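Asker: here is my input; please provide its structure:
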Amino acid sequence: MSLSHEFWFWLILILLSFNYIFNNVLEYLNDRNWNTKIPNTLKKFYKKDDYELAKNYKIEKSKLSFILNTFNFFLTFSVIYFNGFGYLNNFLNLKIENIFYQSLSFFFILFLVNFIISIPFNIYSTFYIEEKYGFNRTSVKTFIIDKIKSILIFIFLSSFLIFVGSKIIEILEKNFWVLIWISLSALIIFLNMFYAKLIVPIFNKLTPLDDGSLKKKIKLYADKVGYSIENIFLIDGSKRSTKANAFFSGLGPKKTIALYDTLVKNHSEEELVAVLAHEVGHYKKNHIFLNLIITIINLGIISFLFELCMSQLNLAIALGSDYMNFHIGIVAFSFIYSPISLISGVISNIISRKNEFEADKYAKETYGGKPLALALKKLSVSLLSNLYPHPTYVFFHYSHPPLLRRLEKLE
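Answerer: Next up, the predicted model:
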């Protein structure tokens, strides 16, 4: 049974409105859930004024995010209601004959509009809010260069994906979702393997960790648990922010550890090894492989549903277009897929939180719970984290368990 374009039109607007209202309700609940009481386990790390500072930081960030999201919501709602996507598609069809260049121009215009709208908010967030609370280290020059790089990366990746996607659809016409699924899966595996080598250096400098006591302790721990790793790098995160982080990247022999210089500066060597032990736990428990499998399965579902959307002419008409093509199909799919995305996100977060507990347990058993707990406490203070996030917000948005839950199991 073919659904009418009126049905699709109102469904898209309802889904758009639901996402906006739902996400803002969750943010409101989370903001209202701040508790000024500092737990005993964190009292020596937090001064009362510091936690009040954390609350004010989160409120300011939330207000800015609310204004931006509200503006984007009404803009998107208006574009859909007044057939803006269809007008843009029809205009490009008259001016550009090649479907690849049509799609590339279509998405670049959308990207450019979003970029122009978000720039003032990004500037305010970086140079006022982040500066006010002591996080910002980004210079104006670095900010501008980052934005230019982001535009170039968007052009490169979107050109590649649009070319591959449109060619697959042009050649196969039916059941093209399988080849799109395979192509996206191959891209994800490639990025997983070479992220640290190809993507990170575009924005940051990676420097091999110098020989010394920290590197020696990491090697000793890796040898103890039978974890082979040769690539240990420092990343110059301090040129943009005081916030600390670390990440593992790669598969098999391409495994890479990257420690932010801010993390190394603010934590003891025992704490750093404990953090790495947690990350090793993800590998030892096969979390990385399982997450990759889940991602690939999810890409298969996305690809299949995308082909279903492409077969619905009335879905294109609902967006103001007289016909269905690659870029209109992508836009339509992005709205229709949103409730499935919400469900898959919840499932992914549930699995991720379970994995974080397992990695914590592994670090506790193989290295020690106290240094990891100490590192988590320091990170929470430095990031001005909410110690009492609302359970509903955690359920929908947290990929990591709340700090107090993790500390209960580590101490």
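
Asker: Asn349 contacts Pro401, doesn't it?
Answerer: No - counting by CB atoms under 8 Å, Asn349 stays clear of Pro401, with 10.1 Å between them. For the C-beta atoms, the positions are set from N, CA and C on the backbone; glycine is no exception.

Asker: run through who's touching stretch 385-404.
Answerer: 26-27, 29-30, 32-35, 38-39, 41-42, 51, 54-55, 58, 342, 345-346, 348-349, 352-353, 356-357, 376-377, 379-380, 406 (CB atoms under 8 Å, 6 or more residues apart in numbering).

Asker: avg pLDDT for that stretch?
Answerer: pLDDT averaged over stretch 385-404 equals 92, rounded to a whole number.

Asker: now do the buried residues in it.
Answerer: 385-387, 389-390, 393-394, 396-398, 400-403 (16 or more other CB atoms under 10 Å).

Asker: of the contacts of stretch 385-404, keep whichever come out buried.
Answerer: In terms of neighbour count (16+ other CB under 10 Å), the buried residues within the contacts of stretch 385-404 are 26-27, 30, 34, 38, 42, 51, 54-55, 58, 342, 349, 352-353, 356, 376-377, 379-380, 406.

Asker: among the residues you listed, which lie within helices?
Answerer: Judged by DSSP state H, the subset of those located in helices is 26-27, 30, 51, 54-55, 58, 342, 349, 352-353, 356, 376-377, 379-380, 406.

Asker: show me which residues of stretch 335-342 are buried.
Answerer: Using 16+ other CB under 10 Å, the residues of stretch 335-342 that count as buried are 335-337, 342.

Asker: how about the residues you listed in CSV, adding secondary structure and distance to Ser166?
Answerer: Formatted as CSV, the entries for the buried residues of stretch 335-342 read as follows, by DSSP: H, G, I helix; E, B strand; the rest coil; distance: CB to CB, whole Å:
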residue, secondary structure, distance to Ser166
Phe335, helix, 20
Ile336, helix, 20
Tyr337, coil, 19
Leu342, helix, 28
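
Asker: can you tell me which of those is nearest Ile235?
Answerer: Sorting the buried residues of stretch 335-342 by distance to Ile235 puts Leu342 at the head of the list, at 32.6 Å, by CB to CB.

Asker: pLDDT score assigned to the closest one?
Answerer: Leu342 is assigned 94 on the pLDDT scale.

Asker: if I pick it, what's in contact with it?
Answerer: The neighbours of Leu342, taking CB under 8 Å, 6+ apart as the test, are 19, 396.

Asker: ditto for Lys255
Answerer: Residues in contact with Lys255 (CB under 8 Å, 6+ apart) are 228-229, 231, 248-249, 283.

Asker: likewise for Met310?
Answerer: Going by CB under 8 Å, 6+ apart, Met310 touches 169, 324, 329, 333.

Asker: need phi/psi at Ala246.
Answerer: When quoted as degrees, to the nearest 10, the phi and psi of Ala246 stand at phi -160, psi 150.

Asker: quick one: neighbours of Thr262, just the number.
Answerer: By the other CB atoms under 10 Å criterion, the neighbourhood of Thr262 contains 20 residues.

Asker: so it is in which element?
Answerer: helix 261-266 (DSSP states H and E).

Asker: could you say what helices and strands that helix packs with?
Answerer: Packed against helix 261-266, as judged by 3 or more CB pairs under 8 Å, 6 or more residues apart in numbering; DSSP states H and E, are the following elements: strand 231-235, helix 269-284.

Asker: would you reformat the ones you listed as CSV and include distance to Ala363, mean pLDDT and mean neighbour count?
Answerer: Shown next, in CSV, are the helices and strands packed on helix 261-266 (distance: least, CB to CB, whole Å; pLDDT from 0 to 100; neighbours: other CB atoms under 10 Å):
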stretch, distance to Ala363, mean pLDDT, mean neighbour count
strand 231-235, 17, 83, 19
helix 269-284, 4, 90, 22
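
Asker: with distance to Gly84 added, can I get these in JSON lines?
Answerer: Compiled in JSON lines, the helices and strands packed on helix 261-266 are given as follows (distance: least, CB to CB, whole Å):
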{"stretch": "strand 231-235", "distance to Gly84": "41"}
{"stretch": "helix 269-284", "distance to Gly84": "44"}
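
Asker: and those: which comes nearest Ile151?
Answerer: When those are compared by CB to CB, strand 231-235 sits nearest Ile151, at 22.7 Å.

Asker: parallel or antiparallel, list what pairs with the helix or strand following the closest one.
Answerer: Using DSSP H and E, the helix or strand that follows strand 231-235 towards the C-terminus is strand 246-249. Strand 246-249 has the following strand partners under DSSP bridges: strand 256-260 (antiparallel).

Asker: how far off strand 231-235 does the strand it pairs with point, in degrees?
Answerer: With axes from the mean of the first three to the mean of the last three CA atoms, to 10 degrees as the criterion, the two stretches strand 256-260 and strand 231-235 enclose an angle of 20 degrees.

Asker: tell me how far strand 256-260 lies from the chain's centre.
Answerer: Using CA atoms, centre = their mean, to the nearest Å, the distance from the centre of strand 256-260 to the centre of the chain it belongs to is 18 Å.

Asker: now that strand: average pLDDT?
Answerer: 81.

Asker: same question for stretch 287-294.
Answerer: Per-residue scores along stretch 287-294 average to 90.

Asker: His287: how many residues sit nearby?
Answerer: Using other CB under 10 Å, the number of residues around His287 comes to 20.

Asker: can you tell me, leaving aside adjacent residues, what's nearest to it?
Answerer: Leaving aside its sequence neighbours, His287 sits nearest to Asn355 (CB to CB, 6 or more residues apart in numbering; 4.4 Å).

Asker: verify the stated contact: Phe66 with Asn24.
Answerer: Yes - between Phe66 and Asn24 a contact is recorded at 6.5 Å, counting by CB under 8 Å.

Asker: dead centre of this structure: give me the residue that sits there.
Answerer: Centroid check for the chain by CA atoms, centre = their mean gives Ser399 as the closest residue, at 10.5 Å.

Asker: ramachandran angles for that one?
Answerer: Note on Ser399: backbone dihedrals following degrees, to the nearest 10 are phi -90, psi -20.

Asker: that one and Ile235, how far apart?
Answerer: Using CB to CB, to the nearest Å, we find Ser399 at a distance of 21 Å from Ile235.

Asker: what do you get for Ile148?
Answerer: Computed as CB to CB, the Ile148 to Ile235 distance reads 21 Å.

Asker: with Phe135 instead?
Answerer: 17 Å.
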